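Chemist: Any chance you could fold what I've pasted below:
(2 chains)
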Amino acid sequence: ETGVTQTPRHLVMGMTNKKSLKCEQHLGHNAMYWYKQSAKKPLELMFVYNFKEQTENNSVPSRFSPECPNSSHLFLHLHTLQPEDSALYLCASSPDSNYGYTFGSGTRLTVV
Amino acid sequence: DQQVKQNSPSLSVQEGRISILNCDYTNSMFDYFLWYKKYPAEGPTFLISISSIKDKNEDGRFTVFLNKSAKHLSLHIVPSQPGDSAVYFCAASFDSGSARQLTFGSGTQLTVLP
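Modeler: As a prediction, this is how the structure comes out:
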């Protein structure tokens, strides 16, 4: 149990579908993050929420839409994705002003 | 442009020997560096870190060295064990005024051969 839980673990969706990824942390952390990991590439920061407020959006296409209803939950809403969006999507959390992240196990997304 | 680079995508080492994983960075604002380990089908897990005010940090079999002038850090694993086989990510951060953000390298696949 890592303290950060992501669901689903695997997702296959068509390019016209709408789906959502869910992340939940039980660590009392104030900051939550979405990262994308594509093969052979660095983890790419997508979104940062600090105390439920979005503080960073790293030029992510609008087909990815984050939502943070409270400091324990983070969603990534997906619509009209492209095959190149297939990747491992990782959620992480950290205490405010702390240095380390705790990652979830990720959602393996395949867009067909 | 990648600010954190791991130029070796893979490394194979014999069990019991030393593993040395390298990482270079370009942003002089980075003041905290971390190594994460990732097994297949799992998220990255924190391994060891170092502040820019230090040049060495040791935790059991793992030691991280930081050379600020060269903008280079390395992770030493001694002795290497088969269970150390995983992808190792180097990460760096600085205080931007909001939540600290980690910038990751592309990872090095370490294989420890029995």
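Chemist: Chain A versus the closest residue in space to residue B:31 that isn't next to it in sequence, what's the distance?
Modeler: Nearest non-adjacent residue to residue B:31, counting by Cβ to Cβ, 6 or more residues apart in numbering or on different chains: residue B:52, 4.3 Å away. In this view, the C-beta of every residue, glycine as well, is placed from N, C-alpha and C. Noted for residue B:52: a distance of 11 Å to chain A, by Cβ to the nearest Cβ, to the nearest Å.
Chemist: List the residues that contact residue B:52.
Modeler: Shown in contact with residue B:52 (Cβ atoms under 8 Å, 6 or more residues apart in numbering or on different chains): B:30-33, B:66, B:68.
Chemist: Specify which member of the residues you listed is nearest to chain A.
Modeler: residue B:32 (5.1 Å; Cβ to the nearest Cβ).
Chemist: Report pLDDT for the residue in chain A that chain B sits nearest to.
Modeler: Proximity of chain A to chain B (Cβ to the nearest Cβ) peaks at residue A:103, 3.4 Å away. pLDDT, residue A:103: 94.
Chemist: got a list of what it touches?
Modeler: Contacts of residue A:103 (Cβ under 8 Å, 6+ apart): A:2, A:4, A:90-92, B:36, B:43-45.
Chemist: where does chain A dip in pLDDT?
Modeler: A:1-2, A:96-99 (pLDDT under 70).
Chemist: how many neighbours does residue 28 have?
Modeler: No chain in the question, so chain A it is. 10 (other Cβ atoms under 10 Å in any protein chain shown).
Chemist: ah, I was thinking of chain B
Modeler: Residue B:28, neighbours per other Cβ under 10 Å, totals 10.
Chemist: Can you read off the pLDDT for the nearest residue to it once chain neighbours are set aside?
Modeler: Nearest non-adjacent residue to residue B:28, counting by Cβ to Cβ, 6+ apart: residue B:71, 7.3 Å away. On pLDDT, residue B:71 comes in at 97.
Chemist: contacting residues for the spatially most central residue of chain A?
Modeler: Residue closest to the average C-alpha location in chain A (Cα atoms, centre = their mean): residue A:34, at 3.2 Å. Counting by Cβ under 8 Å, 6+ apart, residue A:34 makes contact with A:23, A:45-47, A:66, A:74, A:76, A:89-91.
Chemist: can you check residue A:18 too?
Modeler: Per Cβ under 8 Å, 6+ apart, neighbours of residue A:18: A:77-79.
Chemist: Tell me, how many residues neighbour the closest residue to residue B:18 other than its chain neighbours?
Modeler: Closest residue to residue B:18 apart from its sequence neighbours, by Cβ to Cβ, 6+ apart: residue B:78 at 4.6 Å. Residues contacting residue B:78 under the criterion other Cβ under 10 Å number 13.
Chemist: For the residue of chain A closest to chain B, which non-adjacent residue is spatially closest?
Modeler: residue B:43 (3.4 Å).
Chemist: What pLDDT is listed against that neighbour?
Modeler: The model's pLDDT for residue B:43 equals 90.
Chemist: That one: what secondary structure?
Modeler: Using DSSP: H, G, I helix; E, B strand; the rest coil, the structure places residue B:43 in coil.
Chemist: What distance do you get for it to residue A:91?
Modeler: Distance, residue B:43 to residue A:91, by Cβ to Cβ, to the nearest Å: 8 Å.
Chemist: who in chain B is up against chain A?
Modeler: Residues of chain B found near chain A (Cβ under 8 Å from any Cβ of the partner chain) are B:2, B:4, B:9, B:32, B:34, B:36, B:41-46, B:49, B:89, B:93, B:95, B:98-107.
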